[in-house]
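Trainee: Kindly generate the corresponding structure for this input.
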Amino acid sequence: MKRKLRMGMVGGGQGAFIGVVHRMAANLDGHIELVCGAFSSDPQKSVKSGQAFYLSDKRCYRSFGEMITKEKALPEEERMDFVSIVTPNHMHFEPAKLALENDFPVIIDKPLAFNYEEATILQKLVKETKLPFAVTYTYSAYPMVKQAKKMVAKGEIGAVRKVMVEYPQGWLTDKLEDTAQKQAAWRSDPKKAGISNCFGDIGTHCAQLAEYITGLKIEKVLSKLTTIVTGRLLDDDANVLLQFEKGASGVLSASQVATGHENDLMIRIYGEKGGLEWRNQDLNTLKVMPHGAPARLYRTGVNHGYLHDVALAHTRTPSGHPEGYIEAFANIYRNFAFAVNQYIEGSTPDLSLMDYPGIDDGVNGMAMIHAVVKSSEDGNLWTDVKRNP
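Mentor: So this is what the prediction gives:
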């Protein structure tokens, strides 16, 4: 298709943190352009945000319902091609459902929905419509994470035995939700975040990353969620034992009160023949630990025969140059754009290299949140992770 894909956005207006990240990522490869949006639940702020993004006044909408209805009525050569949803959790479901019902593909921030029931409704709609649908589990889009996944799939570390994944942050060490800090306020509000803050926000990244790299589903969890800061309404610390299919076990630790840490996500995977280690704060390095041999460091962009095609396909800069957060987001947007193009053209997408987290990943994340919360509330008991087929 010899034109850019046209994107509509829900949420992400002026002053929003994640909206600008999505816009930069969507724009990075030149395949996508923002043409319209409903950027805030406040109609006036929505219109002003659209104007600040240099959009046509007639496509600065006052609500997502107005945007989807009016865009659907436009001629095919003018209307948006897909919707990007970058709102807080409680505002994911309705715009996603309406977009799918009106034949618009969707890319949405994680977690997928406010609760598991909403997630399964969206999953059913995606299966019925066959529309492209992506969830921005960003960390699975880094080149060295792709490399790790391929190495596990090819049996280079043998059968997976143990997974250790942790995500310490310290930004909620103080009760920021009592200040004007918007990100803290909605994440700690059960009416907006859902049943979990810490695990719902960053613990699901850990679980998705573990499943993505290993190719194994988490079947059972035993968890303890804790609210450490006095007066906070939702958890800010999570410790979870994991039982994977095929007998592998794991440990997941996520915290927003780990004083001094920023976004220090790390995963270690141990197999029969070796281990792998990747850390977000050294994201261009994959530590490879063969059994009985010295550890080796694999580096993004260094093509000396040890990197798999999928890692090279998601590498954007020469070796030794910083490559990170925006690029990983952009990998998801680029791969999603590829799928949307294929959908529009009526061909079957080949996602062997250009993979991205989809609707099932989103539902799995919601199933994990539900199981972890239930395990903790039931007194730290082993609990099945129930997923729709």
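Trainee: C-alpha from now on. contacts and neighbour counts both.
Mentor: Noted.
Trainee: So, low pLDDT: which residues of the stretch 201-350 of the chain?
Mentor: Within the stretch 201-350 of the chain, the ranges that satisfy pLDDT under 70 run 349.
Trainee: where do the strands sit along it?
Mentor: Taking DSSP state E, counting those that start in this stretch, the strands of the stretch 201-350 of the chain run over residues 218-226, 237-244, 249-255, 266-271, 274-279, 285-290, 296-299.
Trainee: Tell me which residues are up against the last one.
Mentor: Identification of contacts with strand 296-299 by CA atoms under 8 Å, 6 or more residues apart in numbering yields 144, 284-289, 306-307, 319.
Trainee: Other residues contacting stretch 112-124?
Mentor: By CA under 8 Å, 6+ apart, stretch 112-124 touches 89-93, 96-97, 135, 192-195, 359-360, 362-363, 365-367, 370, 388.
Trainee: Contacts only, for the closest residue in space to Asp355 that isn't next to it in sequence.
Mentor: Once flanking residues are discounted, Asp355 sits nearest to Asn335: 6.3 Å by CA to CA, 6 or more residues apart in numbering. The contact partners of Asn335, by CA under 8 Å, 6+ apart, come to 354-356.
Trainee: who wins for neighbours among these?
Mentor: Among the contacts of Asn335, the one with the most neighbours (other CA atoms under 10 Å) is Tyr356, at 23 neighbours.
Trainee: Break down this protein into its helices, ranges please.
Mentor: Ranges of helices within the chain are 17-27, 43-52, 64-73, 93-101, 116-129, 143-153, 182-187, 190-193, 198, 204-214, 309-313, 325-345, 359-377, based on DSSP state H.
Trainee: Would you map out the domains in this protein?
Mentor: 5-138, 141-331+363-384 (automatic domain parsing).
Trainee: Go through those domains and name the closest to Ile344.
Mentor: domain 5-138 (8.7 Å; CA to CA).
Trainee: I'd like the average pLDDT over that closest one.
Mentor: Averaged over domain 5-138, pLDDT sits at 96.
Trainee: right, and Leu381 touches Ser375 too?
Mentor: Yes. Using CA atoms under 8 Å, Leu381 is in contact with Ser375, at 5.2 Å.
Trainee: who's more crowded, these two?
Mentor: Ser375 (22 against 16).
Trainee: Enumerate every residue touching the more buried one.
Mentor: By CA under 8 Å, 6+ apart, the neighbours of Ser375 are 221-224, 381-383.
Trainee: For Val135, list each beta-bridge partner.
Mentor: Ile108 (DSSP bridges).
Trainee: Against Ala96, how distant is Asp103?
Mentor: Going from Asp103 to Ala96 by CA to CA, to the nearest Å gives 11 Å.
Trainee: follow-up on the earlier one: of the helices of the chain, flag the one that's most buried.
Mentor: Between the helices of the chain, helix 198 has the highest mean count of neighbours, a mean of 27, where neighbours are mean count of other CA atoms under 10 Å.
Trainee: any idea how far Asp384 is from Leu122?
Mentor: Applying CA to CA to Asp384 and Leu122 gives a distance of 22 Å.
Trainee: returning to what we had before: now the buried members of the contacts of strand 296-299.
Mentor: 144, 284-289, 307 (16 or more other CA atoms under 10 Å).
Trainee: from these, which two are the most distant?
Mentor: Applying CA to CA across those, the maximum distance is between Asn284 and Met289, 16.4 Å.
Trainee: So which residue is smack in the middle of the protein?
Mentor: Tyr137 (1.7 Å; CA atoms, centre = their mean).
Trainee: can I get the contacts of Asn335 in TSV with pLDDT and distance to Lys175?
Mentor: Formatted as TSV, the contacts of Asn335 follow (pLDDT from 0 to 100; distance: CA to CA, whole Å):
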residue	pLDDT	distance to Lys175
Met354	87	41
Asp355	93	38
Tyr356	96	35
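Trainee: coming back round to it: quick one: contacts for the residue nearest to the centre of the chain?
Mentor: So Tyr137 contacts 109-110, 205, 208, 357 (CA under 8 Å, 6+ apart).
Trainee: wait, Ser63 sits on Gln44?
Mentor: No. Between Ser63 and Gln44 there is no contact under CA under 8 Å: 10.0 Å.
Trainee: What does the residue nearest to the centre of the chain show for phi and psi?
Mentor: Torsion angles at Tyr137 (phi, psi; degrees, to the nearest 10) stand at phi -80, psi 90.
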